[in-house]
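Participant: structure here, sequence nowhere to be found:
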C-alpha cells in the first residue's frame with residue numbers, strides 16, 4: 001500500500017499490525033519490544049510537547065536510538081520542521097547548522113544538552129507540508145560544503161514504497177538498523193522501508209557493538225554501507241537467519257559482495273541520492289551492479305553520460321534557502337546528479353563514475369574536493385594540495401616546492417584542519433612532495449594520476 005504521510009502510515013500499522021512488534025532495542029542488557037500500537041502511543045505522548053514549543057525548526061541532535069525515532073515522528077506530526085543533525089558534529093560546524101537551518105530548539109541526550117544550550121535561534125516561522133513538518137537532511141554528513149535538502153513525509157513514504165516494489169520486505173521480517181538515521185539511506189532503508197511493510201526494526205546499540213549486534217538481534221535483513229559490510233564480514237559477525245543484505249550510499253568492491261553472497265544471503269546494491277529521498281534503482285538479478293530502475297522513477301543519460309533523474313513523488317523540494325543552488329541541478333523536475341552511468345542491453349543501470357570533483361567515501365559521505373583543498377592549502381601553508389583516496393585512506397598530497405617545511409609541523413596543521421570535520425570524514429594521511437601536481441591544460445588536477 002502506498003502512503004502519503006507519516007500519519008497515514010502509522011494509522012494503517014495500528015489497524016493491521018497493532019499487537020505485532022514494531023521495534024526491538026536493548027535496555028540494560030535486555031531486549032525490549034514495542035508494538036506498533038505502543039509506538040503510536042509513545043509518539044503521541046511527545047507530540048504535544050513539540051507542538052507547544054516556540055515557532056521555528058527543531059534540531060534532532062542525539063544518538064540513534066528508539067527515542068530518536070519516536071521524537072522524529074512526534075516532531076514531524078506536530079507540524080514542526082525537523083532538522084536531522086549528525087550527533088558526531090560539534091563546535092563551529094554545529095553552530096553553522098543551527099543558524100542556517102533556523103533551529104530554535106534542540107532535542108538532545110543528557111550528555112549534549114549543555115553543549116547546544118546557547119545555539120538555538122530566536123523563533124522564526126517555517127512552513128509545513130500538508131500539515132506535517134518538513135525534514136531537512138544534509139547532503140554529505142554535514143560538512144562546510146553541505147546543503148540542507150528539504151524532504152517531506154510524503155516523499156519519504158513514496159521512496160519506501162518505491163524500493164519495496166523491487167525488493168520486498170515482509171511483515172515477518174526483522175531488519176537491523178545500524179546506519180545513521182540522519183542520512184537518507186539509513187532513514188529510508190533502515191527505518192521507513194520495514195515500517196511501511198509492518199515489519200520489525202531492531203535498533204542497533206551503536207558503534208561499540210557493531211560486531212555483535214547481528215548475533216544479538218538475529219535480523220533477517222540488514223542495510224549497510226560498503227565499509228560496514230566489509231567490517232561485518234571481516235569479523236564474521238553475520239547471523240545465520242540473515243537472508244537479505246542491501247548495500248548502498250557508496251562505491252563497493254565486487255569481491256565484498258561476492259563474499260556476502262557466498263554466505264547464502266541475497267545481496268542487492270542500490271543507487272539513490274538525498275535529493276531523491278534515497279533509492280531510485282536497485283539490483284534484482286545475479287549481477288549486483290546491474291540495477292533496475294524503481295517504479296516511480298525515470299532515468300535518462302545526458303550526452304556526456306550524466307545520470308538524469310525524474311521522480312516527482314520522491315524528489316526534494318529544494319535546498320533550504322538556496323534557490324540558485326536548487327535551480328542549478330533541478331530543471332523542470334529533472335535532477336542532474338553529477339554521476340555518470342550507462343545502460344546495458346537489458347536496460348539495467350550501471351554507475352561508471354563521477355562527473356564532478358567529489359570523493360565518495362566508503363561510508364557514503366562525500367568530500368567536495370576543490371573547496372576542501374583550498375581550505376587545506378591555506379591551513380597547511382603550502383603551494384598546492386590535493387586530496388585522494390590511497391590504500392583506502394583519505395590522504396592529503398601537499399606540494400612544498402622549497403622542501404623546507406617541517407613535516408611534523410604540517411601534521412600539526414593537518415590536525416587543526418581535521419578538528420573542523422566530522423570524525424569519519426577526516427584527512428588521516430599526509431604525503432609531502434616537491435613535485436607539482438599533474439594538471440590539464442586548463443589547470444584542473446589530473447586526479448586519475450594521483
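Facilitator: Cool, got the structure. Keep in mind the model is a prediction, meaning the values are calculated, not measured. Residues are numbered from 1 along each chain as shown.

Participant: what number of residues lie near residue 4?
Facilitator: 16 (other CB atoms under 10 Å). Any C-beta I mention is one placed from the backbone N, CA and C, and that applies to glycine too.

Participant: what do you get for residue 254?
Facilitator: 11.

Participant: what residues are up against it?
Facilitator: Listed by CB atoms under 8 Å, 6 or more residues apart in numbering, the contact partners of residue 254 are 288-289.

Participant: relative to residue 283, how far out is it?
Facilitator: Distance of residue 254 to residue 283, given as CB to CB, to the nearest Å: 12 Å.

Participant: between these two, which contacts overlap?
Facilitator: Contacts common to residue 254 and residue 283, judged by CB under 8 Å, 6+ apart, are residue 289.

Participant: show me where the stretch 101-250 of the chain has its strands.
Facilitator: All strands of the stretch 101-250 of the chain, identified by DSSP state E, counting those that start in this stretch, fall at 103-108, 128-129, 132-133, 135-138, 148-151, 174-177, 200-203, 221-224, 244-247.

Participant: now those strands as JSON lines including mean pLDDT, mean neighbour count and distance to residue 377?
Facilitator: Below are the strands of the stretch 101-250 of the chain laid out as JSON lines (pLDDT from 0 to 100; neighbours: other CB atoms under 10 Å; distance: least, CB to CB, whole Å):
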{"stretch": "strand 103-108", "mean pLDDT": "91", "mean neighbour count": "22", "distance to residue 377": "32"}
{"stretch": "strand 128-129", "mean pLDDT": "61", "mean neighbour count": "16", "distance to residue 377": "42"}
{"stretch": "strand 132-133", "mean pLDDT": "94", "mean neighbour count": "24", "distance to residue 377": "41"}
{"stretch": "strand 135-138", "mean pLDDT": "95", "mean neighbour count": "26", "distance to residue 377": "25"}
{"stretch": "strand 148-151", "mean pLDDT": "96", "mean neighbour count": "24", "distance to residue 377": "27"}
{"stretch": "strand 174-177", "mean pLDDT": "98", "mean neighbour count": "24", "distance to residue 377": "39"}
{"stretch": "strand 200-203", "mean pLDDT": "98", "mean neighbour count": "26", "distance to residue 377": "42"}
{"stretch": "strand 221-224", "mean pLDDT": "96", "mean neighbour count": "28", "distance to residue 377": "35"}
{"stretch": "strand 244-247", "mean pLDDT": "94", "mean neighbour count": "23", "distance to residue 377": "35"}
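
Participant: residues in a beta bridge with residue 136, which ones?
Facilitator: Beta-bridge partners of residue 136, counted by DSSP bridges, are residue 83, residue 150.

Participant: touching, it and residue 103? I think so.
Facilitator: No: the pair residue 136 / residue 103 is not scored as a contact, 9.3 Å apart, by CB atoms under 8 Å.

Participant: quick check: neighbours shared by the two?
Facilitator: 57, 83.

Participant: ok, and the closest non-adjacent residue to residue 429?
Facilitator: Spatial nearest neighbour of residue 429, excluding adjacent residues (CB to CB, 6 or more residues apart in numbering): residue 395 at 4.1 Å.
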